[in-house]
Structures are given as C-alpha cells and as structure tokens.
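Q: structure for this input, please:
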Amino acid sequence: MKLKKEKVMLVDSSDNLRHVIKDYLEMSGYEVLDYKSGRDANEQFNKGLFDICIIDVALKHYDGFKLLNNMRKIDKNVPIIVLSSYSSKDDRIKGFNLGCDDYVTKPFSIEELGLRMQAILRRCRANAPHEYVNEDETIKFGNFYLNYTEMQLVHPKVTRTLTRKECELIKLLLDHKNKLVPREIILREVWGEDDNTTSRSMDVFMTKLRGYLLVDCEDKVLPKEPGQRKVKYEEGYQPSVEICNIHGTGFMLRVLDK
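A: I've put the predicted structure just below:
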C-alpha cells in the first residue's frame, strides 16, 4: 500500500532548532520544507500545498503574526501550529485570534510537538473523509467515483479508463477539492517539470477531463455558439462537479456537497 507523505512547512529563524525539528519530523515520515525567512515562507505558501504548518512568530525582519495572518487569508483550513518564546496570555490570545490551531511555547519537547501534530492531522482527516492519502481507495465525488488503482472514472452512465496522467491529474485535484491548485504545482507533481510544452499539454488534458465530467449534466449543456470556448449551462443550473480554470493562476475541482 503506497502512502503519500504529509507535507510540512517549518518556519524558524534559529538554524539549530529548525534542523532538529526537521530531522525529527523526517524520521517520523513527514516531508518537510523549512524556511528561515518569513518572507520566503509567505511566498512559498502562496505557491505550495501543505498539510500542516509550524511557524515561529519571533522571526527576524518579518513579524510571525503577520505571516500567520497572511496564511489564514489564503487558506482558512490548513492547520497551523505557532512556536513562540512569548508566553503571555495576550500573545497566546493574539495567536488564536489570528487563526492558529495550537500555540506551543519555548522551550518544548520535540516529542510533544510531534504528538500535537498527529492529533491535529487526525482531526483534519476525520473532518475531510474524501481527501485520501491511501492511493488504493475508491474516491467518491458527486456522482463519480475514481478508482485510482484501476485508473477508472466511474459514473452511473459510463465507466471510462483513464491514462496515467489523466488519473494523476484528477487525483491531485481531488486531494485539494474546492481549493485552487497553482499551475506550477500541477506541472511539478504530474509532469515533473515546468516549461511551455508541458504547460500546453496540461491545458489539453484539463480540457479532456472537463469533457469527461460533462456526462453528469449533458442534458443541461447549451449548444456552443461560433467562437465560444467556455461551456454554458441552462439558466440557473450549476453542475455538482466541475473543473474551473482560474485564468493564469491554476485550476480548481469544484465539488458541491449534496
């Protein structure tokens, strides 16, 4: 059984502490991307997809509380643990008001930090039952099922066998359903590179996947007019499953809960 490593963003201006935490988490099975600079972390958070973030609020040249606030504006759901040498009641309240999930004061036990992470991630998995890391699972979204192992997209009207890249694409979008996945992340995760050729190839694949999903609402699709590129539906109708192109930025698999 193949499991996807959970990706951790670690931000701390102390080289020694950051390296100790990173080594411990990597030995525990996480993929860790670490940053010394709050500005670098903020930039990468805009580009990347993380399962959990650990940030020190006492960052040099960049306020950690500002970083926390910016991260929460971008993603309201990703769990964030604050590390801080500030132990006052006001600082703890400020951290939670800005949206952190846990506030850990220094010095702390590295083993306790790991257990706090596990507890938070366990709650996140329980609240998002369709965002699987087990690639052998059949994933349901709307009226569709994705059988990752057999590379099949199943709908009551038709079962379609996907190519490996089609399957990887829809799996990546499903792992982050209802969230924007930046173009560069898709290219890196599915193609392993980012250039004009692969970018055009990605657009072709996305168009094909959109067509596959139309089987769920083909009776609601309006005939295309000359020069029309975007699919239009009957007035007032909204598909329950749709791949949205956020122009110049990335794609989102929008799934409406029933």
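
Q: Arg164: what's it in contact with?
A: For Arg164, the residues meeting the contact criterion (Cβ atoms under 8 Å, 6 or more residues apart in numbering) are Met151. Glycine gets a C-beta too; all of them are placed from N, C-alpha and C.

Q: what separates Asp216 from Gly38, distance-wise?
A: In this structure, Asp216 and Gly38 are 44 Å apart, going by Cβ to Cβ, to the nearest Å.

Q: for Asn245, see how far away the closest residue to Leu173 other than its chain neighbours is.
A: Residue nearest to Leu173 in three dimensions, not counting chain neighbours: Leu253, with 3.7 Å by Cβ to Cβ, 6 or more residues apart in numbering. In this structure, Leu253 and Asn245 are 11 Å apart, going by Cβ to Cβ.

Q: also Ser88?
A: Note on Ser88: its distance to Asn245, by Cβ to Cβ, is 47 Å.

Q: one more: Asp75?
A: Taking Cβ to Cβ as the measure, Asp75 falls 20 Å from Asn245.

Q: neighbour-wise, which of Ser88 and Asn245 wins?
A: Counting neighbours by other Cβ atoms under 10 Å for Ser88 and for Asn245 shows that Asn245 has the greater number, 15 against 10.

Q: helix/strand/coil for the closest residue to the more buried one other than its chain neighbours?
A: Residue nearest to Asn245 in three dimensions, not counting chain neighbours: Phe251, with 5.8 Å by Cβ to Cβ, 6+ apart. Under DSSP: H, G, I helix; E, B strand; the rest coil, the three-state class of Phe251 is strand.

Q: Phe251 against Leu174, yeah?
A: No - counting by Cβ atoms under 8 Å, no contact exists between Phe251 and Leu174, whose distance comes to 12.0 Å.

Q: which residues sit in contact with the closest residue to Thr163 other than its chain neighbours?
A: When the adjacent residues along the chain are set aside, Thr163 lies closest to Met151, with 7.5 Å between them (Cβ to Cβ, 6+ apart). If you count contacts by Cβ under 8 Å, 6+ apart, Met151 has them with Thr161, Leu162, Thr163, Arg164, Glu166, Cys167.

Q: now which of these would you call buried?
A: Buried residues within the contacts of Met151, counting neighbours by 16 or more other Cβ atoms under 10 Å: Leu162, Glu166, Cys167.

Q: contacting residues around the first one?
A: With contacts defined as Cβ under 8 Å, 6+ apart, the neighbours of Leu162 are Met151, Gln152, Leu153, Ile170.
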